[in-house]
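# dropping a prediction and its sequence here:
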Amino acid sequence: MHPNCCRVTVTLDSVSCTPRPRPLYPRIRTPPLYQCLLHPQAPPLYPRIRTPPVSVSPAPPGPAPFTPGSGPPSLSTSVSCTRCSSLKFWLISDLEHRLFINGQFVDSQTSDWIDIHNPATNEVIGRVPKATQAEMEAAVSACQRTFPAWSELSILNRQQIFLRYQQLIKDNLKELARLITLEQGKTLADAEGDVFRGLQVVEHACSVTSLMLGETLPSLTKDMDTYTFRLPLGVCAGIAPFNFPAMIPLWMFPMAMVCGNTYLMKPSERVPGATMLLARLLQDAGAPDGTLNIIHGQHEAVTFICDHPAIRAISFVGSNQAGEYIYERGSRNGKRVQSNMGAKNHGVVMPDANKENTLNQLVGAAFGAAGQRCMALSTAVLVGEAKDWLPELVAKAKKLRVNAGDQPGADLGPLISPSGVKEGASLLLDGRDVKVKGFENGNFVGPTILGNVKANMTCYKEEIFGPVLVVLEADTLDDAIEIVNENPYGNGTAIFTTNGATARKYTHLADVGQVGVNVPIPVPLPMFSFTGSRASFRGDTNFYGKQGIHFYTQLKTVTSQWKEEDATLTSPAVVMPTMGR
């Protein structure tokens, strides 16, 4: 490779590069992630790098690294070959088998490992260690040691690192998406969307200089001014779910780090690959060793984060049970906590809505990502004559194609793990017996629609987190609003209408933090903030935007007086200062 190349072109017969005078950012050191079994001689995506084995303390050997053309058949996955249509690949990067501590991918000394499965085949494709107590302590210690220098680094320098980082994410977007599809199961197109929505937050983090501005009030009294500024908290931590392996971690550590904090990340143990690659790319962008550290684990790791006295703030996205536990335990230990949890998002359909657009929006928002989104539109409320649209809704859902996420034309991929529903509702479309040729052992569930649902049914009261749409009926808009507000969740909702007065009434009266008007998944762009409410959120300030900056910083107020003349006090000032009154 040319030492100053900016682009590498790989064909079946040659490798060429386009030179430039000097590199704009450090060279990417990302290792190849996949190798085709049928074409082991095909060039991998990236040049092989040799990462020396590093351990926190003397440890027994970790799992043997995967190499092209060898290894157990159970490690086959479903990623498309660049040379052929083969679906059989070896995973030859072992980064997800390691911890990431103080800038090194570290072999764990644990004896307790968690298998990673490909949801499309249920085959084991890797494993992660449950970090030991000593390893978790080492990760926090790395954050602590690095914090003083990182927080004192010029905010412009931190901004530049994340400007380089967002470009590296763009350059590696497809590779990140392939990792997500492999481990999580969602379609490649949806996985790219996962990465892209996280990338938007990184781009937003690059505008931190204006978001970190303080306030000044001069001349409170003669020669006295008051001003405020924002300072980082210290060590912060994030606990991410399985359903958005790239987006949710990118909601967390970039915003925290650009503010000057150091970060301990615990990705979902089921989908660690994307986070590990994101850590590698952050190194390549120039982030100092120890500013981001990654541990793996389950309940013990979560409790460690909630209890460790050096961790000042915790960000969490996941289930209500886990979220309530983290909020209660973390808050009890004096930490800031933002805990985004479950949802039952309603789509209210008015009879004056654009029928074709509305039905397509409902189906896409209910069944995309196999319903495994906290913002999935899992409940439809058909108002008045709109209930007559139900057969057409079912017909559109029937046409969705269920397949492995990397297969062309797939609309729904598999669920992350095997699951189950019953109680008196009408099963209008049953997706439980879906069989996918070539992936008979996968966790596939097709679109499922339940009609005649009542508010007291379990299928309505609880978050199903799968490709299931429950349908309720309401006579009027007021009835629909009552249904929405009596549900304890408040993550998101949408109304479909062509009437502005109807839309305005709904947006003001629906007690939900995020409302879409003819927009089924109203996740705000990062210049705003995520604003889920009620049982969907615990905490004071939410993710990204101004709220994200406020969460990861503390406000300091300074009142200063600089007199031109000599001090005028002739005796101790024992009276409460009145600032010039």
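The structure has been received and is ready for your questions.

# could you look up the SS state of residue 573?
Secondary structure assignment for residue 573 (DSSP: H, G, I helix; E, B strand; the rest coil): coil.

# tell me who's in contact with the closest residue to residue 297 other than its chain neighbours.
In space, and not counting its chain neighbours, residue 297 is closest to residue 130: 4.6 Å by Cβ to Cβ, 6 or more residues apart in numbering. (C-beta placed from N, C-alpha, C; glycine too.) The neighbours of residue 130, taking Cβ atoms under 8 Å, 6 or more residues apart in numbering as the test, are 110, 112, 113, 114, 269, 296, 297, 298, 300, 301.

# which of those are buried?
110, 113, 114, 269, 296, 297, 301 (16 or more other Cβ atoms under 10 Å).

# same list (those) but as JSON lines, adding distance to residue 513, pLDDT and secondary structure.
Shown next, in JSON lines, are the buried ones among the contacts of residue 130 (distance: Cβ to Cβ, whole Å; pLDDT from 0 to 100; DSSP: H, G, I helix; E, B strand; the rest coil):
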{"residue": "110", "distance to residue 513": "39", "pLDDT": "95", "secondary structure": "coil"}
{"residue": "113", "distance to residue 513": "39", "pLDDT": "95", "secondary structure": "strand"}
{"residue": "114", "distance to residue 513": "33", "pLDDT": "94", "secondary structure": "strand"}
{"residue": "269", "distance to residue 513": "29", "pLDDT": "95", "secondary structure": "coil"}
{"residue": "296", "distance to residue 513": "31", "pLDDT": "97", "secondary structure": "coil"}
{"residue": "297", "distance to residue 513": "30", "pLDDT": "97", "secondary structure": "coil"}
{"residue": "301", "distance to residue 513": "29", "pLDDT": "98", "secondary structure": "helix"}
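
# quick check: the two most widely separated of the residues you listed?
113 and 301 (13.8 Å; Cβ to Cβ).

# excluding chain neighbours, what is closest to the residue nearest the centre of the chain?
Central residue of the chain (Cα atoms, centre = their mean): residue 248, 1.1 Å from the mean position. Excluding the flanking residues, the one nearest residue 248 by Cβ to Cβ, 6+ apart is residue 240, at 4.5 Å.

# so what pLDDT did residue 528 get?
At residue 528, the model reports a pLDDT of 88.

# pretty sure it contacts residue 545?
Yes - counting by Cβ atoms under 8 Å, residue 528 touches residue 545, with 5.0 Å between them.

# re the thing from before, now the residue nearest to residue 248: how far from residue 296?
11 Å (Cβ to Cβ, to the nearest Å).

# common neighbours of the two, please.
Common neighbours of residue 240 and residue 296 (Cβ under 8 Å, 6+ apart) are 266, 267.

# which SSE is residue 312 in?
Assessed by DSSP states H and E, residue 312 sits inside strand 311-317.

# need phi/psi at residue 220.
With angles defined as degrees, to the nearest 10, residue 220 sits at phi -60, psi -40.

# now do stretch 162-179: distance to the chain's middle.
Between the centre of stretch 162-179 and the centre of its host chain there is 15 Å, according to Cα atoms, centre = their mean, to the nearest Å.

# was I right to think the residue nearest to the centre of the chain contacts residue 242?
No - between residue 248 and residue 242 there is no contact under Cβ under 8 Å: 9.5 Å.

# joint contacts of those two?
With contacts defined as Cβ under 8 Å, 6+ apart, no residue is shared by residue 248 and residue 242.

# what about residue 564, neighbour count?
As a burial measure, residue 564 scores 6 neighbours (other Cβ atoms under 10 Å).

# residue contacts, it?
Contacts of residue 564 by Cβ under 8 Å, 6+ apart are residue 223.

# look up how far residue 577 lies from it.
Taken as Cβ to Cβ, the span from residue 564 to residue 577 is 19 Å.

# tell me the one among the buried ones among the contacts of residue 130 nearest to residue 476.
Nearest to residue 476 among those, with distances taken as Cβ to Cβ, is residue 269, at 46.9 Å.

# quick check: chain neighbours aside, which residue is closest to the closest one?
Closest residue to residue 269 apart from its sequence neighbours, by Cβ to Cβ, 6+ apart: residue 114 at 4.8 Å.

# so in terms of bridging, what pairs with that neighbour?
residue 128 (DSSP bridges).

# only C-alpha atoms, please: export the longest helix anywhere in the chain in CSV.
Across the chain, the longest stretch assigned as helix under DSSP state H is helix 133-152. Taking Å, rounded to 0.1, in the frame of the first residue of the first chain, the C-alpha atoms of helix 133-152 are listed here in CSV:
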residue,chain,number,x,y,z
GLN,A,133,-13.7,-8.4,39.4
ALA,A,134,-10.0,-7.6,38.9
GLU,A,135,-10.5,-6.9,35.2
MET,A,136,-13.5,-4.6,35.8
GLU,A,137,-11.5,-2.8,38.5
ALA,A,138,-8.6,-2.4,36.0
ALA,A,139,-11.0,-0.9,33.4
VAL,A,140,-12.3,1.7,35.9
SER,A,141,-8.7,2.4,37.0
ALA,A,142,-7.7,3.1,33.4
CYS,A,143,-10.6,5.6,33.2
GLN,A,144,-9.6,7.3,36.4
ARG,A,145,-5.9,7.6,35.4
THR,A,146,-6.8,9.1,32.0
PHE,A,147,-9.4,11.5,33.1
PRO,A,148,-7.2,14.4,34.3
ALA,A,149,-5.3,14.7,31.1
TRP,A,150,-8.3,14.0,28.8
SER,A,151,-10.5,16.6,30.6
GLU,A,152,-7.8,19.2,30.4
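
# so which elements touch that helix?
Applying 3 or more Cβ pairs under 8 Å, 6 or more residues apart in numbering; DSSP states H and E, one finds that helix 133-152 contacts strand 99-101, strand 224-232, strand 235-239, strand 262-266, strand 292-294, helix 299-307.

# still on that earlier bit, tell me the one of the buried ones among the contacts of residue 130 nearest residue 431?
Taking Cβ to Cβ as the measure, residue 269 is the one of the buried ones among the contacts of residue 130 closest to residue 431, at 27.3 Å.

# might one say that the closest one is in contact with residue 113?
No - between residue 269 and residue 113 there is no contact under Cβ under 8 Å: 9.9 Å.

# which neighbours do those two share?
128, 130.

# buried sites along stretch 477-484?
For stretch 477-484, burial by neighbour count (16+ other Cβ under 10 Å) applies to 477, 480, 481, 483, 484.

# mind listing which of those residues are in helices?
477, 480, 481, 483, 484.

# thinking again about what came up before, which outside residues touch the helix or strand just after the strand holding residue 312?
Next in sequence after strand 311-317, counting helices and strands by DSSP H and E, comes helix 320-332. Identification of contacts with helix 320-332 by Cβ under 8 Å, 6+ apart yields 239, 302-303, 305-307, 314, 316, 337, 339-342, 463, 535, 538-539.

# identify each buried residue in helix 320-332, please.
320, 322, 323, 325, 326, 327, 329, 330, 331.

# so which of the helices and strands packed on helix 133-152 is nearest residue 468?
Short answer: strand 235-239, nearest of the helices and strands packed on helix 133-152 by Cβ to Cβ, at 26.0 Å.

# so what touches that closest one?
The list of residues contacting strand 235-239 from outside it, by Cβ under 8 Å, 6+ apart, reads 140, 143-144, 147, 249, 252-253, 256, 261-266, 302, 305, 310-318, 322, 326, 552.

# return the members of those classed as buried.
Buried, going by 16+ other Cβ under 10 Å: 140, 143, 147, 249, 252-253, 256, 261-266, 302, 305, 311-318, 322, 326, 552, out of the contacts of strand 235-239.
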